[in-house]
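Student: generate a structure from the sequence data that follows.
(one chain, ligands or ions: 2)
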Amino acid sequence: MDKIDLIRIGIFLGALILFSAAEALWPKRPRLQNRFRRWITNVGFVVIGSLSLQLLGPLIAVGIAAWASLKGWGLLNIIDAPLWLELTIAFIVLDFAIWWQHVLSHKIPILWRLHKVHHADRDLDASSGVRFHPIEIFLSMIYKCGVVCLLGPPVIAVVIFEITLNAMAIFNHANLALPRGIDSPLRKIIVTPDMHRVHHSVIWQESQKNYGFNLSIWDRLFKTYQAAPQAGQQGMALGLSDAQTNDPQYLGWSLWLPFRKYK
Ligand SMILES: [Zn+2]
Ligand SMILES: [Zn+2]
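Tutor: Numbers count the residues shown, from 1 in each chain. Ligands and ions are numbered 1, 2, ... in the order given. Just a heads-up that it's a prediction; the model follows:
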């Protein structure tokens, strides 16, 4: 898996550099908070996240997929479909599962405590795509392993999905002014920055919209799609309504947020 790990990290870093440069060249919204401080915090999440995942190396979804195929576990290991079909099914099912996980992260109070760390960011840019609490990353990995066990996708399908999810999370959090002519056709299929930004609104109703990370179909299908924020992309406020302060740009405050009492 060494080569694939290198490719994955390469694409991840490439996407981070590409979209950071693109959002610097064509910014959508003026920044409120210090970019440098936010980046230290958001990149701090990656360091903590990858360190904690490293400890659980054998448990990652890719390893589970290999193990499930050895054991003949999971739907796709039972039926005998051509690889292209299995890859397509696996991608769609995994994306649907991640969409559900995101919905539940908002609806179940204890999960929301963890997920609100992601939502506390008051500016959105490429680095927000990696701002997840380490416990949320851990739980999400266990959930993904469960889905992989039931589905039994080809190992390469999980690798492709993980790489795409990483790159897409960075892309759709970018503070990137995509021309309308590109955004509109793109979001018929995938989630664009303007689409995901609605989900980060301080307005609660808007944060219950646009849960997708990769495919935009799930929100259209389940009527959680909202094309644009009420206050407009420039007028909307981002973050948590009860944390419109400088606190979210600090790593310590952000890590401790799930354990804080509600106001
Ligand atoms: Zn969310
Ligand atoms: Zn987000």
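
Student: what does the residue nearest to residue 151 when sequence neighbours are not counted show for phi and psi?
Tutor: Nearest residue to residue 151, sequence neighbours excluded (C-beta to C-beta, 6 or more residues apart in numbering): residue 74, at 5.1 Å. Where C-beta positions appear, they are placed from N, C-alpha and C, glycine not excepted. Torsion angles at residue 74 (phi, psi; degrees, to the nearest 10) stand at phi 90, psi 150.

Student: contact partners for residue 74?
Tutor: Applying C-beta atoms under 8 Å, 6 or more residues apart in numbering to residue 74 gives the contacts 68, 148-153.

Student: tell me which residues in the helix or strand of the chain with the lowest mean pLDDT are buried?
Tutor: Least confident helix or strand, the chain: helix 35-54 with a mean of 81, by mean pLDDT, DSSP states H and E. The neighbour-count check on helix 35-54 (16 or more other C-beta atoms under 10 Å) flags 38, 41-42, 44-46, 48-49 as buried.

Student: tell me the contacts of residue 229?
Tutor: Residues counted as contacts of residue 229 (C-beta under 8 Å, 6+ apart) are 197-198, 201, 203, 206, 235-236.

Student: quick one: neighbours of residue 79, just the number.
Tutor: Residue 79 sits with 11 neighbouring residues when counted by other C-beta atoms under 10 Å.

Student: re earlier: so of the contacts of residue 229, which ones are in helices?
Tutor: Counted as lying in helices by DSSP state H, out of those, are 197-198, 206, 235.

Student: okay, helices next: where are they in the stretch 151-263 of the chain?
Tutor: Taking DSSP state H, counting those that start in this stretch, the helices of the stretch 151-263 of the chain run over residues 155-173, 180-186, 193-199, 204-207, 217-221, 232-235, 251-256.

Student: same for the last one, what does it pack against?
Tutor: Read that as helix 251-256. The contact analysis (3 or more C-beta pairs under 8 Å, 6 or more residues apart in numbering; DSSP states H and E) places helix 251-256 against helix 35-54.

Student: got the contact list for the helix it packs on?
Tutor: 60, 121, 123, 125, 127-128, 130-134, 137-138, 141, 248-251, 254-255.

Student: render the CA-only coordinates of whatever helix or strand comes next after that helix in PDB, please.
Tutor: As assigned by DSSP states H and E, the chain's next helix or strand after helix 35-54 is helix 61-71. This file holds the C-alpha atoms of helix 61-71, laid out as PDB (Å, rounded to 0.1, in the frame of the first residue of the first chain):
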ATOM      1  CA  ALA A  61     -11.300   1.100   5.900                       C
ATOM      2  CA  VAL A  62      -8.900  -0.100   3.100                       C
ATOM      3  CA  GLY A  63      -7.500  -2.800   5.300                       C
ATOM      4  CA  ILE A  64     -11.000  -3.800   6.300                       C
ATOM      5  CA  ALA A  65     -12.000  -4.100   2.600                       C
ATOM      6  CA  ALA A  66      -9.000  -6.400   1.900                       C
ATOM      7  CA  TRP A  67     -10.000  -8.500   5.000                       C
ATOM      8  CA  ALA A  68     -13.600  -8.700   3.900                       C
ATOM      9  CA  SER A  69     -12.700  -9.900   0.400                       C
ATOM     10  CA  LEU A  70     -10.500 -12.600   2.000                       C
ATOM     11  CA  LYS A  71     -13.300 -13.700   4.100                       C
END
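
Student: check which helices and strands helix 61-71 sits against.
Tutor: Under the contact criterion of 3+ C-beta pairs under 8 Å, 6+ apart, helix 61-71 touches helix 75-78, helix 134-151, helix 155-173.

Student: send me the first one as PDB with only the CA atoms.
Tutor: What that stands for is helix 75-78. The C-alpha trace of helix 75-78 is given here as PDB (Å, rounded to 0.1, in the frame of the first residue of the first chain):
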ATOM      1  CA  LEU A  75     -22.700  -8.000  -0.700                       C
ATOM      2  CA  LEU A  76     -20.200  -7.300  -3.500                       C
ATOM      3  CA  ASN A  77     -18.100 -10.300  -2.400                       C
ATOM      4  CA  ILE A  78     -21.100 -12.600  -2.800                       C
END
